[in-house]
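>>> Predicted coordinates and the sequence they were generated for:
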Amino acid sequence: MPAAFLHPFAKPTRESFIRIVRGEGALLWDADGRELVDGMASLWYCAIGHGREEMAEAIAAQARTLAAYSCFDPFTTEPAEELAELLRDLGPMPDSRVFFTGSGSESIDTAMKLARIAHVQAGQGHRKLIISRVRGYHGTAYGGTSAQGIAPNRQDFGPFVDEVVQVPADDVEALASLMAERGHEVAAVIVEPVQGAGGIHPAAEGYLEGVRRLCDQHGAYLVFDEVITGFGRLGTWFASHRYGVRPDLVTFAKAVTSGYQPLGGVFVGPAPAAALERDPDFFLRHGFTYSGHATACAAALKNLEIMRREDLVERANHMGARLEAGLRSLADDGTIHHVRGLGAMWAAGLHPEQNAMAARDHMLDHGGVVCRALNADSLLFCPPLVTTDEQIDRIVDAVAAALG
């Protein structure tokens with residue numbers, strides 16, 4: 001009989017998995033006692049590193065007081081209110097409101113729904129079209145899967161949500177053509193400033209500014225999917241700050257708690273917020289059981305306190321520069337084909353004769369390093385922001401050993 005646990009993003013027939021039993025900082029240990037450098041911050045999220053005692057204490061203290069309570073009308077909790085105020089101060093739009101979810105997938109679906117309902121409330125109910133980009137990863141709920149630009153993640157899951165279409169990733173002219181034809185129908189354009197799961201592809205120079213202009217020209221909302229890039233990954237609190245482009249809605253999750261509790265959300269900027277507030281009798285019929293979950297919010301508050309105290313947003317710049325330099329040295333000597341990335345998220349593009357899955361396994365088995373393999377052609381890296389210089393060098397050395 002197969003094991004009871006049906007794993008996500010895995011073959012249902014797989015019988016053996018690496019059992020991770022402990023973590024400390026950027027290091028992990030498996031059930032056999034093997035030490036591993038976590039080159040992916042688990043799944044893009046563990047910014048402050050593993051095993052932080054003060055996180056456990058903050059979570060336990062909140063759970064002892066009030067683990068959770070519904071924030072549906074007419075209730076609220078102090079951690080949710082406090083976190084929303086803090087996030088508004090740190091976030092990409094200082095005059096935004098914050099809607100809480102339990103994950104990045106829920107955040108994307110929420111942004112799509114809020115964009116559509118905000119247009120309804122603004123008297124533009126004909127605006128239903130959602131535009132996303134090829135290579136974009138927007139979670140695996142049905143809204144996000146419909147917006148996916150990664151074809152294998154969509155295969156055989158249809159039919160999808162109506163009126164969701166994709167355009168080429170960095171072709172602003174393709175978007176402009178679609179907007180010229182259907183701009184009056186567009187509710188929102190969803191963009192990852194750096195496409196993460198699609199291979200770590202930073203937006204082309206000037207692209208985000210071009211999308212902002214098109215959205216303004218045609219009356220559509222601009223949604224930044226910052227589930228990966230939010231909370232310091234690019235050396236700024238959000239990619240919106242790094243690029244200097246102001247969106248209308250921003251999704252977040254992952255590093256808001258460094259994964260110590262599941263939490264996500266959406267920053268709702270002034271334009272959509274004003275539409276939602278326009279009719280005093282309007283009742284927003286959207287939310288999740290754990291929207292504003294007290295213990296998850298307490299975890300986020302402590303996580304963000306640690307990030308600010310230890311200056312981890314700035315550290316991302318140092319750490320990313322060292323990782324980039326190491327990978328570029330491998331590209332310069334021909335070990336890998338090329339390097340791409342931004343901040344503290346980088347990809348090693350491989351030569352056609354190399355195989356990313358085989359390299360990933362070699363790095364695990366012989367180098368003690370965790371990374372993600374994308375198809376056969378790229379290795380992806382997104383280490384915790386507490387990763388030491390020596391650990392970064394171990395990552396680079398493992399790539400060299402696996403591919404040299």
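Received the coordinates, thanks.
>>> How many neighbouring residues does A180 have?
Neighbours of A180 under the rule other CB atoms under 10 Å: 11. C-beta here means a position set from N, CA and C on the backbone, and glycine is covered the same way.
>>> Where does it fall, secondary structure wise?
With the criterion set as DSSP states H and E, the secondary-structure element containing A180 is helix 172-182.
>>> which residues touch the helix or strand following that helix?
Using DSSP H and E, the helix or strand that follows helix 172-182 towards the C-terminus is strand 186-191. With CB atoms under 8 Å, 6 or more residues apart in numbering as the test, strand 186-191 has contacts from 108, 111-112, 115-116, 119, 127-133, 136, 138, 147, 175, 179, 203, 208, 211, 214-215, 218-225, 248-249.
>>> Now do strand 186-191 and helix 172-182, the angle between them.
Relative orientation of strand 186-191 and helix 172-182, computed by axes from the mean of the first three to the mean of the last three CA atoms, to 10 degrees: 170 degrees.
>>> Emit the PyMOL select command for whichever of the contacts of strand 186-191 are buried.
Remark: buried members of these, expressed as a PyMOL selection using 16 or more other CB atoms under 10 Å:
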select buried, resi 108+111+112+115+116+119+127+128+129+130+131+132+133+136+138+147+175+179+203+208+211+214+215+218+220+221+222+223+224+225+248+249
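>>> Return the subset of the contacts of strand 186-191 lying in strands.
Judged by DSSP state E, the subset of those located in strands is 129-133, 221-225, 249.
>>> so can I have a markdown table of those showing distance to M345?
A markdown table is the format used below for these (distance: CB to CB, whole Å):
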| residue | distance to M345 |
| --- | --- |
| L129 | 30 |
| I130 | 25 |
| I131 | 24 |
| S132 | 20 |
| R133 | 17 |
| Y221 | 26 |
| L222 | 22 |
| V223 | 20 |
| F224 | 15 |
| D225 | 14 |
| L249 | 22 |
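>>> Among the residues you listed, find me the one that's closest to R22.
The shortest approach to R22 among the ones in strands among the contacts of strand 186-191 belongs to D225, at 31.9 Å (CB to CB).
>>> Spit out the contact partners of the spatially closest residue to the closest one that is not a sequence neighbour.
In space, not counting the residues next to it along the chain, D225 is nearest to E192; the distance is 4.6 Å by CB to CB, 6 or more residues apart in numbering. Contacts for E192 were tallied using CB under 8 Å, 6+ apart; they are 133, 136-138, 198, 224-226, 228-229.
>>> for V339, helix, strand, or coil?
The local conformation at V339, judged by DSSP: H, G, I helix; E, B strand; the rest coil, is strand.
>>> wouldn't H184 be in contact with A220 here?
No: the criterion here is CB atoms under 8 Å, and H184 misses it with A220 at 9.5 Å.
>>> what is in contact with the two at once?
Once CB under 8 Å, 6+ apart is applied, the residues that H184 and A220 both contact turn out to be R127.
>>> What distance do you get for the residue of the chain most remote from its centre to H7?
For the chain, the C-alpha farthest from the mean C-alpha position belongs to M1; by CA atoms, centre = their mean, that distance is 35.6 Å. To H7, M1 is 16 Å away according to CB to CB, to the nearest Å.
>>> Strands of the stretch 201-350 of the chain, residue ranges please.
Listed in chain order, the strands of the stretch 201-350 of the chain (DSSP state E, counting those that start in this stretch) span 201-202, 221-225, 249-252, 264-268, 338-342, 345-349.
>>> follow-up on the earlier one: outside of the helix holding A180 itself, which residues are in contact with it?
129, 131, 165, 167-168, 186, 189, 206-207, 210-211, 214, 217-218, 220.
>>> so T145 sits right up against G139, yeah?
Yes: counting by CB under 8 Å, G139 is a contact partner of T145 at 7.5 Å.
>>> In terms of neighbours, single out the busier of these two.
Neighbours per residue, other CB under 10 Å: of T145 and G139, the larger number sits with G139, 24 against 21.
>>> To which secondary structure element is the nearest residue to that one once chain neighbours are set aside assigned?
Ranked by CB to CB, 6+ apart and with sequence neighbours excluded, the top spatial neighbour of G139 is S105, at 3.1 Å. Assigned by DSSP H and E, S105 falls within helix 104-121.
>>> what's around V266, how many residues?
Burial of V266, expressed as a neighbour count using other CB under 10 Å, amounts to 28.
>>> now A61
Residue crowding around A61 was assessed by other CB under 10 Å; the count is 12.
>>> measure it to R308 for me?
As judged by CB to CB, A61 and R308 stand 20 Å apart.
>>> before we move on, what about G210?
Spatial separation of G210 from R308 under the definition CB to CB is 33 Å.
>>> cool, and L342?
Distance, L342 to R308, by CB to CB: 22 Å.
>>> Of the two, which one has the most company?
Between L342 and R308, counted using other CB under 10 Å, the more crowded position is L342 (21 against 14).
>>> list the contacts for the more buried one?
The contact partners of L342, by CB under 8 Å, 6+ apart, come to 194, 202, 234, 242, 320.
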